[in-house]
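A.B. asks: Sequence below, structure please.
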Amino acid sequence: MKGIIFTEFLDIVENRFGLEVCQQMLDDAGVDGIYTAVGSYDHRVLVKMIVCLSKITGVSPEALQEVYGEALFARLLTTMPMGNGDKPTGTFGFIERVERHIHIEVKKLYPNANPPQFDFISQTSAKMVLDYISARCFSHVCLGLIRGCVQHFNEEMDIEMEPVTQDQSHVRFTLTLSAG
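C.D. replies: A predicted model of the protein is given here:
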């Protein structure tokens, strides 16, 4: 997993919970917390930090992942290349862009990268059904990212998340724009 995910996680934990909680989480997880944005790290370390943070704060690991995903969206948005006339105008277009362009570019830059995959099942102007597939099982981070995207585009949307596999490595999202 790319280091930017780790560095952003630590920044978000420090900003939301404070430096002492962040340090306690690192100590409890048995990690030094030294990551570079361009490095590659084992995703299980991030899982361990989330579990430790959950124990410290009393917030469920799923809720922490969702909050992290929402905050991460805004930060990742600033790092995404968007050419002229290439900017999505809504959540559906943005999600398509991530899968059809960004994940492809990530694989070109980092041949060993294994980004999550979105399989688009169906789409109308008001509804998108897509599957999230990732060996890292961060479906709740994905849910948070989608919520962050919806907020960014100032849309009203119902988001349903249905696990396809028990370990949530494959999850179906149904996104429905609210009439309003």
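A.B. asks: For the rest of this, base every contact and every neighbour count on C-alpha atoms.
C.D. replies: Will do.
A.B. asks: Can you pull out the low-pLDDT segments for this protein?
C.D. replies: Counting by pLDDT under 70, the chain has low-confidence residues at 80-86, 101-107, 109-110, 113, 180.
A.B. asks: Mind jotting down where the helices sit in it?
C.D. replies: All helices of the chain, identified by DSSP state H, fall at 3-17, 19-29, 43-57, 61-79, 91-97, 103-109, 139-152.
A.B. asks: How is this protein partitioned into domains?
C.D. replies: Following automatic domain parsing, one gets these domains for the chain: 3-59, 72-177.
A.B. asks: Redo the ones you listed as TSV? Include mean neighbour count and distance to Q65.
C.D. replies: Formatted as TSV, these follow (neighbours: other C-alpha atoms under 10 Å; distance: least, C-alpha to C-alpha, whole Å):
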stretch	mean neighbour count	distance to Q65
domain 3-59	16	8
domain 72-177	16	5
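A.B. asks: so which of those comes closest to E66?
C.D. replies: Nearest to E66, of all the domains of the chain, is domain 72-177, at 4.0 Å by C-alpha to C-alpha.
A.B. asks: now the end-to-end length of the closest one.
C.D. replies: Using C-alpha to C-alpha, to the nearest Å, the end-to-end distance of domain 72-177 comes out at 22 Å.
A.B. asks: Run the chain-centre distance for it.
C.D. replies: 8 Å (C-alpha atoms, centre = their mean, to the nearest Å).
A.B. asks: Could you do stretch 12-22 as well?
C.D. replies: The answer for stretch 12-22 is 19 Å, by C-alpha atoms, centre = their mean.
A.B. asks: Which residues outside that stretch are in contact with it?
C.D. replies: L10, L53, I56, Y68, A71 (C-alpha atoms under 8 Å, 6 or more residues apart in numbering).
A.B. asks: contacting residues for the last one?
C.D. replies: With contacts taken as C-alpha under 8 Å, 6+ apart, A71 has the following neighbours: I12, G144, L145, G148.
A.B. asks: and the last one, what does it touch?
C.D. replies: Remark: with contacts taken as C-alpha under 8 Å, 6+ apart, G148 is in contact with G69, E70, A71, L72, F73, A74.
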